[in-house]
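Visitor: sequence and predicted structure below; questions after.
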Amino acid sequence: MIVADKKPIEEIIEYLKDHTNILVLGCNECVTVCEAGGKKEVAVLASTLRMHAQKEGKEIKIDEVTLERQCDKEYLDEIRDVIDQYDAVVSLACGVGVQFTAEQYHSTQVYPGVNTCFMGATEERGLWTERCQGCGQCILATTGSICPVSRCAKRLFNGPCGGSTDGRCEINAEVDCAWQLIVDRLKALDKLDEYEKLCPLKDWSTDRAGGPRKVVREDVQQ
Amino acid sequence: MRLPPNIRIVRVPCSGKVDLIHILRAFEKGADGVCVLGCLEGDCHFNNGNLMARRRVEQAQKILDSIDIGGERVKMYNLSSSEGPRFAQYAAEFTEKINALGPNPIKLAKNKAAVDPATRDMAETN
């Protein structure tokens, strides 16, 4: 899922300083799982903003809505009837949701309420780590399901570098060496011969380096 | 055993039922202090409800500190449900602490707005 983290309240307060009619818009998907922008976090943020405004003697109206997700028009349409009441929206969705909301409602100011971080998984509650960087050409089949693009600091494709020490990466002793993990996994799967096979040159045009990307599926387009 | 007269008790089946938003809403509505009382740690009837409550109280403290309401206004106490006198003692201690801290800044701001000449006419017509 997309992992995001809450923005500091001071930053959000600064965005909203000239607004009096605010909608805090949450998302029921990834940001709910990483406890940054779901229904509960919407309620807490709205309450915090109200208390801050009241303490400053400011009249403010803050409403709370949580959509199923903000990356699909059908869900964003659910607020079409009420959006004009607000002069600002704080979207607690990931960067995709914030932008898509703004695209659907281009005359409303939409501010981000979370910092979107990476695609990752929940290792345990309160700990989310990166696993995928969306390179567009998945090679997990040959690396024992461990990704050298996202987990190797140098994105090496054919084994560890000389800096791999005790199974850790040279950039940080707390970071596992992806290639150590890959070799260990291939050993466990009895597929060490895969390690011997050279990985061909990667086509990076499907990575971020190639510019904003798109996926077109003519078989499902209407 | 005497309880201070200015406390309102809200009974819940377990302190773990108290959510962060409940604490924050109490302050939004003008409470000067919120005290969460739970079972002794290790003795929660529902296993770990009191541990969850403690974490939520700590979250509330951080939030209230971040907007200058004061995290000291919310506190968690652990005691056994049979300890009546200790409850009275905690209640008195907490009330005294909140009295010393003064009223909720939100209440002060609302009162100020009500008597401020600039907004008084608006307040009178409302």
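Guide: Cool, the structure landed.
Visitor: going forward, measure contacts between C-alpha atoms and count neighbours the same way
Guide: Will do.
Visitor: which other helices and strands does the biggest helix by length in chain A contact?
Guide: Taking DSSP state H as the criterion, chain A has its longest helix at helix A:39-55. Contact partners of helix A:39-55 among helices and strands, from 3 or more Cα pairs under 8 Å, 6 or more residues apart in numbering or on different chains; DSSP states H and E: strand A:21-27, strand A:61-67, helix B:20-28, helix B:105-115.
Visitor: measure the residue of chain A most remote from its centre to chain B for me?
Guide: No residue in chain A sits farther from the centre than A:G57, which is 35.8 Å out by Cα atoms, centre = their mean. Per Cα to the nearest Cα, to the nearest Å, A:G57 is found 5 Å from chain B.
Visitor: contact partners for that residue?
Guide: B:109-110, B:113 (Cα atoms under 8 Å, 6 or more residues apart in numbering or on different chains).
Visitor: would you format the helices and strands packed on helix A:39-55 as TSV with mean neighbour count and mean pLDDT included?
Guide: Formatted as TSV, the helices and strands packed on helix A:39-55 follow (neighbours: other Cα atoms under 10 Å in any protein chain shown; pLDDT from 0 to 100):
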stretch	mean neighbour count	mean pLDDT
strand A:21-27	25	97
strand A:61-67	18	98
helix B:20-28	19	97
helix B:105-115	17	86
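Visitor: and of those, who's closest to B:A91?
Guide: helix B:20-28 (17.0 Å; Cα to Cα).
Visitor: what strands line up against the helix or strand following that closest one, and which way round?
Guide: Sequence-wise, the next helix or strand downstream of helix B:20-28 (DSSP states H and E) is strand B:34-38. Here strand B:34-38 is paired, per DSSP bridges, with strand B:74-78 (parallel).
Visitor: once you drop chain neighbours, what's closest to the residue nearest to the spatial centre of chain B?
Guide: The centroid of chain B falls nearest to B:V34 when counting by Cα atoms, centre = their mean (0.6 Å). Excluding the flanking residues, the one nearest B:V34 by Cα to Cα, 6 or more residues apart in numbering or on different chains is B:V74, at 4.7 Å.
Visitor: now swap in B:F94 and tell me
Guide: Nearest non-adjacent residue to B:F94, counting by Cα to Cα, 6+ apart: B:C35, 7.6 Å away.
Visitor: now what about the longest helix of chain A, what contacts it?
Guide: Everything outside helix A:39-55 that qualifies as a contact, by Cα under 8 Å, 6+ apart, is A:13, A:24-28, A:32, A:35, A:59-66, A:92, B:20-21, B:24-25, B:27-28, B:63-64, B:67, B:105-110.
Visitor: next one: the top strand by length along chain A to chain centre, how far?
Guide: Assignment by DSSP state E gives strand A:114-124 as the longest strand of chain A. From the chain centre to the centre of strand A:114-124 is a distance of 6 Å (Cα atoms, centre = their mean, to the nearest Å).
Visitor: quick one: it near chain B?
Guide: No - using Cα under 8 Å from any Cα of the partner chain, strand A:114-124 stays clear of chain B, coming no nearer than 15.9 Å.
Visitor: packing partners of that strand?
Guide: Counting by 3+ Cα pairs under 8 Å, 6+ apart, the packing neighbours recorded for strand A:114-124 are strand A:2-6, strand A:127-132.
Visitor: got the ones you listed as JSON lines, with mean neighbour count, mean pLDDT and distance to chain B columns?
Guide: JSON lines is the format used below for those (neighbours: other Cα atoms under 10 Å in any protein chain shown; pLDDT from 0 to 100; distance: least, Cα to the nearest Cα, whole Å):
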{"stretch": "strand A:2-6", "mean neighbour count": "21", "mean pLDDT": "97", "distance to chain B": "12"}
{"stretch": "strand A:127-132", "mean neighbour count": "16", "mean pLDDT": "97", "distance to chain B": "16"}
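Visitor: turn those into TSV, including distance to A:V114.
Guide: Shown next, in TSV, are these (distance: least, Cα to Cα, whole Å):
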stretch	distance to A:V114
strand A:2-6	5
strand A:127-132	15
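Visitor: among these, which is nearest A:L198?
Guide: Nearest to A:L198 among the helices and strands packed on strand A:114-124 is strand A:127-132; the distance by Cα to Cα comes to 21.7 Å.
Visitor: next SSE after that closest one?
Guide: Next along from strand A:127-132, by DSSP H and E: helix A:148-151.
Visitor: report the mean per-residue pLDDT for that following helix.
Guide: For helix A:148-151, mean pLDDT is 96.
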